[in-house]
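# no FASTA, just this:
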């Protein structure tokens with residue numbers, strides 16, 4: 001008998017969660033449709049929507065920084081070091097180490 005009780009309770013919980021999930025899905029889908037209708041994008045033609053998408057992509061684009069070789073070996077080597085991804089991590093670790101050393105309290109410190 002106890003196994004039937006556990007089985008019925010688990011089925012009730014499962015069905016309740018299933019219907020709750022379906023209800024939330026319908027509410028979210030309805031909200032998205034209404035949001036789209038209120039944004040007045042439904043009045044635009046296909047070509048106008050594409051143009052707006054291109055404009056959004058254009059505003060989000062970031063330029064790439066390209067550093068050309070100068071021909072000077074030492075300067076080019078230093079530029080390559082400063083552009084390496086680990087250089088930022090090294091500088092941050094040095095800043096943290098400096099902060100830690102400054103925070104130390106030495107014995108018999110004046």
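That came in fine, so what should we check first? Fair warning: this is a prediction, and the values are worked out from it, not measured in the lab. Residues are numbered from 1 along each chain as shown.
# Show me what the helix ranked longest in the chain packs onto, helices and strands only.
Residue-count comparison of every helix in the chain, with assignments taken from DSSP state H, identifies helix 2-38 as the longest. Counting contacts by 3 or more Cβ pairs under 8 Å, 6 or more residues apart in numbering; DSSP states H and E, helix 2-38 packs against no other helix or strand. (Each C-beta comes from the backbone N, C-alpha and C, glycine too.)
# for the record, mean pLDDT for stretch 95-110?
Computed over stretch 95-110, the mean pLDDT rounds to 83.
# Oh, that last question was meant for stretch 39-49, not what I typed.
Confidence for stretch 39-49, expressed as mean pLDDT, is 79.
# Now do the end-to-end distance for that stretch.
Using Cα to Cα, to the nearest Å, the end-to-end distance of stretch 39-49 comes out at 12 Å.
# Quick one: distance of that stretch to the chain centre.
In terms of Cα atoms, centre = their mean, to the nearest Å, the centre of stretch 39-49 is found 28 Å from the chain centre.
# Now tell me what touches that stretch from outside.
36, 52 (Cβ atoms under 8 Å, 6 or more residues apart in numbering).
# buried residues in it?
Neighbour-count burial for stretch 39-49, with 16 or more other Cβ atoms under 10 Å as criterion, is recorded at no position.
# circling back to that earlier point, now the element after the longest helix of the chain, going C-ward?
Toward the C-terminal end, the helix or strand that comes next after helix 2-38 (DSSP states H and E) is helix 46-60.
# Which element is encountered next along the chain beyond that next one?
helix 73-83.
# Tell me the helix or strand right after that next one.
Moving toward the C-terminus from helix 73-83, the next helix or strand (DSSP H and E) is helix 85-103.
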